[in-house]
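Novice: return a 3D structure for these sequence lines:
(chains A and B)
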Amino acid sequence: MADPVSAARRAEALGSRLPPLMVEAERVASTVAQGVHGRRRVGQGDSFWQFRPFVAGDPVNRIDWRQSAKSGQAPAQGWFIRETEWEAAQTVCLWRDSSDSMRWRRGGTTEKGERASLLLLALASLMLRGGERVALMRPGARPVAGRFGLEQIAAALAEPAAAEGLPPSLPLPRHATVVLIGDFLSPLAAIQSLIARLAATPASGYLLQVLDPAEVALPYAGRIRFRGLEREGETVIPRVEAIRDDYGRALKAQQEALAALCVAAGFGFGVHQTDHPPEAALLSLYTALGRT
Amino acid sequence: MIFAAPWVLTALVGLPLLWWLLRVTPPAPRTESFPALRLLLGLRATEETAARTPWWLLALRLVVASLVICGLARPVLDAGAALPGSGPILLVVDNSWAAAAGWQQRVLAIDGILDRAERAGRGVALLTTATDEGGAAPRLIEPTPVADIRTRIAALRPVPWPTDRVGASAALRTWHHPGSATVYVGDGLNDGAYNTFAAALAAVGPMIQVCCDAAPIRVLLPAQNDHEGLTMRLAQVPQTIPTQAVVLAQAGDGRTLARGVIPIPAGAKTASGTIPLPIELRNRLSRLMLEGPASAGAVMLLDERWRRRPVGLLSGDLASADAPFAGALYYLNRALAPFGEVRTGTLSDLIARDLSVLVLADRPVTDSAERTMLAAWIEKGGFLIRFAGPRMAAADADDGLLPVPLLGGDRQLGGALSWSEPAGLAFFPPSSPFAGLPVPAEVKITRQVLAEPGAGLAGHTWAALSDGTPLVTATARGAGHIVLFHVTANADWSDLPLSGLFVDMLRRLTTLSAGVAPSQDATILAPAMTLNGFGSLTPPARAAVGLAGDAFGHTPVSASHPPGLYGPENGRRALNLGNAITTLEAAPIIADARLETLTGDTREQPLGPSLLTVALLLSIVDLFISLVLRGLIRAHVTGPAIAVLLALAAPANALETVENPALATRLGYIVTGDGQVDATSRSGLAGLSEYVNRRTAAALAQPDPVTPGQTDLSLYPLLYWPIVADATPLSDEQTRALNTYMNRGGIMLIDTRNGGTGAGFAPGTTGALRRLTQGLTIPALTPLTTDHVLSHSFYLLNDFPGRFTGDPVWAQQEQDRANDSVSPVIIGGNDWAAAWAVDTSGRYPFATIPGGQRQRTLAYRFGVNLVMYALTGNYKGDQVHVPAILQRLGQ
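Specialist: Purely as a prediction, here's the structure:
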């Protein structure tokens, strides 16, 4: 992901097979940006909302002359102003894990962090095409929209940032949609407090766990000294094949606990392995977030 | 096999302990980084089995330990039995001529004895039984450390004379060392005093006798020169089976002139054989030599008896024969005296002694008794040279001693009353003994006697005048010759005696004659060159003294009279080992002696270093395995690493990585093996392909390296072949492939890279080209001209430069209709690839010589023409005829 432009191109190519994504939002975040989510109120927008009689002081150029002519009344009374529905964009906050543990792979698979970035950009591309506003969850990041937004996001992703295992605590727009991509191997308590904080904003969203196949299957054998990537220490396992089942159970417990947390907070949860095609993960994100 | 340090083997007891230690110490764990470490932290395996070292690794390490222990115990293979006794060892070596043939084996056997003595820590005394080169009798060297004896043995050489048994026995009696053992390395010959010597040896103590030579001992006996050839004789120790010996007859410069085989029946002590050899060749022999191991006994030197040729001079005018500048014998004397013995006297006196050549200067033989005597002498091998003169011209009757019948009188050429000019000499006919001598132009003949013309005259003529009349005629009679000079021996009739040619002619005639033995008197002859023990001539040994002339033939060789050549330069006498030997007798084995064989191939070998080397290699393997087990070297890294190592070890033959050359048209270059030349060929052809693609409709892909015999050449329209000086010759398969390629329409551009202005840039390539193309069917070649299709197949060219320019470029001479008139080979030396080469940044790495952009452009144009020629054949050649064809159509 060294070159933000080529990363953006790859992500666009990945997302080009799906239609533009309009995020389903029960309550659109209170932004003033123009978008696709109608507010059922008069305001800025493209869709027709109502005609109302001309009142003195209205700008003349907003008079719908065709409608006024059809009324057949005298000027001033017979004049109508065309009003449109206020359409706002939903703000989607994206975040991906950039810690050291994501910069890892075993064998010929892709690095987890690389896959996470690709999915994030592809999702952003889909949303930008759908007219949504996309923001990265990092201090000082501003929501972007439009065709050139993707490249800004790609450039921001390529910038070195503090290695963080969980998203930082930031003020989010209310009712924003949050998409978190990471391995979520941190202690459950930390993740629980994060989701509780997000749910209190209020915000909803989706949690995607990206795992390397080796992390799922533990394909080691013999006497091995395992060393953590984030200074968690190390442990010597005399026979790794003997604890493979136990490890599988521990991983499953972690994932089940995560799923339970997400359901409780109204979040979606999915698991993606780096040896699977990214399209599968993107499709699940699309269906989970998309307005049907 | 023995162990020199057996106590080290006790360490083998510790191996089980090592096994136990290795077994309980698990290998260090592999280290892996793992993101989900937190999930692993709480896990403990239900079955807690200690990781163990794999059994095969254990076995490997135990083998390494065993090898180290065994290696340190210094095992020695083929060490032989221990030496008897406990005191010093007396080493008795026969270093006579008979030991020379097996000297190498003797030195090896002695080395083995010394090894054993050194291990046992025993001193060694040395007794060499032959008189040394200073003439001193055999003398004991008292026991010294083995290292000193080794240097003495290394310096010891066999001498060319027999052993001194009596002196050796006397020396043995001075030996007083209790507990000593004797090792006797004998020469296997029994001379008179052998039994005394054996008794003296046996008296010393327990003995080992190292015996015996594989080849029988032989000595050449004096050869005899008789009418039909050379009879060689030899003596050898009697063998139970028939054998044969090969004798080489060698000239003074070492060339072998003849080879003879002497069959030796079983049990025979002497044998003889004959080499049929013409007398001319026999006169050039300087030695006979037995084929086989070199020794002084295998050489028989031949002396002046084989070459000495006294010349007798006799003139018709006895009174003034020696008058300076005018006498008949004056010039003959001066021509012959420096090279041989010249005698004068009456005819009967001369013939009574041994005489090789008789010169009669204008002396008719009128007396019938003389005539009979001369005829008999010639029949036996005498060589008669006659000179004409006024007396011979005046004598009417043929005296029967002329090679050809003569016309009466003489013929005058030139002079005051003659129209004719004095005649010069014609070149000597190849069959003449004078053939090859230069003919000086200043030699003029003014008078001569004439031979009667006849059919056989030309066959008898050895030299003639420029008008064809014979100057020297000759005939063979019996074993001898008669030669007639048709002029006088002084300057009256011709300039011939004044020229150097006269001397050369007489020398050649003398060498044709048979040699006789010199007189034998009691003059002391000093040694000039003597043989060493291996039969090569060296400067005389220190102790060599002169020998009386009449003592040769029966004096036995010794330190004071070593075999060799004695006497002055022109009267050498040879003293040979075989002169005083009649038979050889084998020495019996000494009773009570322990026998050891003298075969030389059972040299002891210490095994320790090899074992330690194997242990070291296995340790490296063990280290490698350990690293793999610990994960420091990944298996998937190891595989390629081993592959890379194997690829480095294997000859780099992976140049041709072309997938499918049939998919595009491309040029090819023949891989020479010289990296720089191949790189130049590649970039040159790439540059040319790019130029062709830019300028013409042809589309060429990147060029390919090709190896004839491996690559399918049929896919390449044009091959570029740079010649390197050290090119390996083509194999049969490669030659066949290239011939097939040329026969089927392929074109090869062969470049010696040293043409014109580039002469000297690639030395030796012209010779290499000649060597390489030996098997190729290169047609007759002609220089390329502007008429050739190559000069106008695309561009119009006047010359064909590459990096160099100036030399002609060669193509097939005849237009071969079968091959569309396309020359299968273009040969030149202009280093075209260097001119075409373009590097990666688009620059030209090689400057053109003499230079200029124009030359490079022309070089490219030649390349384009060549590609077009290869692709379209003689198409452009046909275009030349278009106007003519159109004109014919119009009519």
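
Novice: sketch out the strands for chain A, chain order is fine.
Specialist: Assigned by DSSP state E, chain A shows strands spanning A:34-42, A:48-53, A:80-88, A:91-96, A:133-136, A:176-182, A:203-211, A:224-227, A:234-237, A:267-273.

Novice: nearest to chain B, of those strands?
Specialist: When these are compared by CB to the nearest CB, strand A:224-227 sits nearest chain B, at 4.4 Å. All C-beta atoms are positioned from the backbone trio N, CA, C, and that covers glycine.

Novice: is chain B contacted by that closest one?
Specialist: Yes: for strand A:224-227, a contact with chain B is found by CB under 8 Å from any CB of the partner chain, at A:224, A:225, A:226, A:227.

Novice: pLDDT score for the third one?
Specialist: Which is residue A:226. Per-residue confidence (pLDDT) for residue A:226: 88.

Novice: go on, residue A:181?
Specialist: pLDDT recorded at residue A:181 is 92.

Novice: picking that back up, show me just the buried residues among the residues of strand A:224-227 next to chain B.
Specialist: Listed as buried from the residues of strand A:224-227 next to chain B are A:224, A:225, A:226; burial here means 16 or more other CB atoms under 10 Å in any protein chain shown.

Novice: in chain A, what helix or strand scores lowest on average pLDDT?
Specialist: strand A:34-42 (a mean of 68; mean pLDDT, DSSP states H and E).

Novice: assumed residue B:411 was part of a strand.
Specialist: Yes: the assignment for residue B:411 is a strand, going by DSSP: H, G, I helix; E, B strand; the rest coil.

Novice: from residue B:499, how far off is it?
Specialist: Counting by CB to CB, to the nearest Å, the separation of residue B:411 from residue B:499 is 21 Å.

Novice: which one is the one residue in the stretch 151-300 of chain B that gets nearest to chain A nearest to, not counting chain neighbours?
Specialist: In the stretch 151-300 of chain B, the residue that lies nearest chain A is residue B:154 (60.8 Å; CB to the nearest CB). What sits nearest to residue B:154 in space, not counting adjacent residues and going by CB to CB, 6 or more residues apart in numbering or on different chains, is residue B:107, at 7.9 Å.

Novice: burial of the one you found, as a residue count?
Specialist: Using other CB atoms under 10 Å in any protein chain shown, residue B:107 has 16 neighbouring residues.

Novice: so for it, what's the pLDDT?
Specialist: 88.

Novice: that one is in contact with residue B:153, isn't it?
Specialist: Yes: Residue B:107 lies in contact with residue B:153 (CB atoms under 8 Å); the separation is 6.5 Å.

Novice: so what's the residue count around residue B:676?
Specialist: Counted with other CB under 10 Å, residue B:676 comes out at 9.

Novice: CA atoms of whichever strand or helix holds it as CSV?
Specialist: Per DSSP states H and E: residue B:676 is located in helix B:675-695. Output of helix B:675-695 as CSV, limited to C-alpha atoms (Å, rounded to 0.1, in the frame of the first residue of the first chain):
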residue,chain,number,x,y,z
GLY,B,675,31.0,-14.0,-21.5
GLN,B,676,32.0,-10.6,-22.9
VAL,B,677,31.8,-11.8,-26.5
ASP,B,678,28.4,-13.4,-26.0
ALA,B,679,27.1,-10.2,-24.4
THR,B,680,28.4,-8.1,-27.3
SER,B,681,26.7,-10.6,-29.8
ARG,B,682,23.5,-10.3,-27.9
SER,B,683,23.4,-6.5,-27.7
GLY,B,684,24.7,-6.2,-31.3
LEU,B,685,22.0,-8.4,-32.7
ALA,B,686,19.4,-6.7,-30.5
GLY,B,687,20.6,-3.3,-31.9
LEU,B,688,20.5,-4.6,-35.4
SER,B,689,17.0,-6.1,-34.9
GLU,B,690,15.8,-2.8,-33.6
TYR,B,691,17.3,-0.9,-36.6
VAL,B,692,15.7,-3.4,-39.0
ASN,B,693,12.3,-3.1,-37.4
ARG,B,694,12.6,0.7,-37.6
ARG,B,695,13.8,0.9,-41.2
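
Novice: other residues contacting it?
Specialist: Here helix B:675-695 makes contact (CB atoms under 8 Å, 6 or more residues apart in numbering or on different chains) with B:655, B:666-669, B:671-672, B:698-703, B:705, B:720, B:722, B:724, B:832-839, B:845-846, B:860, B:863-864, B:867.

Novice: restricted to buried residues, select those residues in PyMOL.
Specialist: If you want just the buried ones from the contacts of helix B:675-695 in PyMOL, going by 16+ other CB under 10 Å, the selection is:
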select buried, chain B and resi 666+667+668+669+671+672+698+700+703+705+720+722+724+832+833+834+835+836+837+838+846+860+863+864+867
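
Novice: and chain A, which of its residues are near chain B?
Specialist: A:101-102, A:104, A:112, A:183, A:185, A:187, A:212, A:214-215, A:220, A:222-229, A:232-239, A:242-243, A:246-247, A:250-251, A:254.

Novice: may I see the ChimeraX selection of the buried members of those?
Specialist: To isolate the buried ones among the residues of chain A next to chain B in ChimeraX, judged by 16+ other CB under 10 Å, type:
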select /A:101,102,104,112,183,185,212,214,215,220,223,224,225,226,228,229,232,234,235,237,238,239,242,243,246,247,250,251,254
